[in-house]
Structure formats: structure tokens, C-alpha cells
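Q: Mind looking at a prediction? Sequence and model below.
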Amino acid sequence: MAVVRDLLNRKGTNIVSVAPTATVLEAARLMNDRSVGGVLVVDDSGSLLGIFTERDILRRVVAAGLQPGERFVALGAHLLHQGEPVRTLAGTAR
């Protein structure tokens, strides 16, 4: 079974990521500029903290009536672990 680490190894350096302090607006603009549907949330050392997707923008920001200037931490981006099975990751998108 593939794990998140395997996906990251295949993607290489073309991964789009943001700091946990990035705003939703910053993430949305980056996703638009890079034509991707989500960004990885990483800490200063590059360790994976979570993922933030277009769906999160819709459900956790727009539908909740929040402003795009809210921080990721306040919105609770999906927390991940590198050894976590990919099917678990896919389930978090629901």
C-alpha cells in the first residue's frame, strides 16, 4: 500500500507548499497561479504538517462565512503523517 511519503518521493521538488501561517487568500492565489487543487502545509524545516485544498476553501471558509484572511491553524488544515496510508489521506478530502 502506498503511503504519503511515497507520493512525495515521486513528486520531487515540484510540490507546492505554504507555511502554516499563510492565509487562505495567499494559498488560493498560489493554487491559482500554479494550477493545482491543493497545497501542502509545511513547517520551517520542511516537515509535512497537513494539506489545504480547494474543498477546504469552500467548506471551511466560504460556507462558514469566514474571511480569506483567516490563518490555516484557525481553520484546521488536515493533519497528516508521512507514514499514513494514501487511502486515509483520500478519506480526509470528504
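A: Sure, I can see it. Numbers count the residues shown, from 1 in each chain.
Q: Can you list the buried residues in stretch 18-30?
A: Using 16 or more other CB atoms under 10 Å as the burial criterion, the residues of stretch 18-30 that qualify are 18, 22-24, 26-28. In short, each C-beta sits where N, CA and C put it, glycine included.
Q: Can you lay out those residues as JSON lines showing pLDDT, distance to residue 50 and secondary structure?
A: Shown next, in JSON lines, are the buried residues of stretch 18-30 (pLDDT from 0 to 100; distance: CB to CB, whole Å; DSSP: H, G, I helix; E, B strand; the rest coil):
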{"residue": "18", "pLDDT": "91", "distance to residue 50": "10", "secondary structure": "strand"}
{"residue": "22", "pLDDT": "88", "distance to residue 50": "12", "secondary structure": "coil"}
{"residue": "23", "pLDDT": "87", "distance to residue 50": "15", "secondary structure": "strand"}
{"residue": "24", "pLDDT": "88", "distance to residue 50": "14", "secondary structure": "helix"}
{"residue": "26", "pLDDT": "92", "distance to residue 50": "15", "secondary structure": "helix"}
{"residue": "27", "pLDDT": "91", "distance to residue 50": "12", "secondary structure": "helix"}
{"residue": "28", "pLDDT": "92", "distance to residue 50": "16", "secondary structure": "helix"}
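Q: Of those, which is the nearest to residue 46?
A: Set against residue 46, the nearest of the buried residues of stretch 18-30 by CB to CB is residue 18 (12.0 Å).
Q: what's that closest one in contact with, if anything?
A: Listed by CB atoms under 8 Å, 6 or more residues apart in numbering, the contact partners of residue 18 are 26-27, 30, 39-42, 52, 72.
Q: Can you tell me how far it is from residue 37?
A: 14 Å (CB to CB, to the nearest Å).
Q: swap in residue 45?
A: 25 Å.
Q: same deal with residue 67?
A: 22 Å.
Q: just the strands in this protein please.
A: Per DSSP state E, the chain carries strands over the ranges 17-18, 38-42, 48-53, 78-79.
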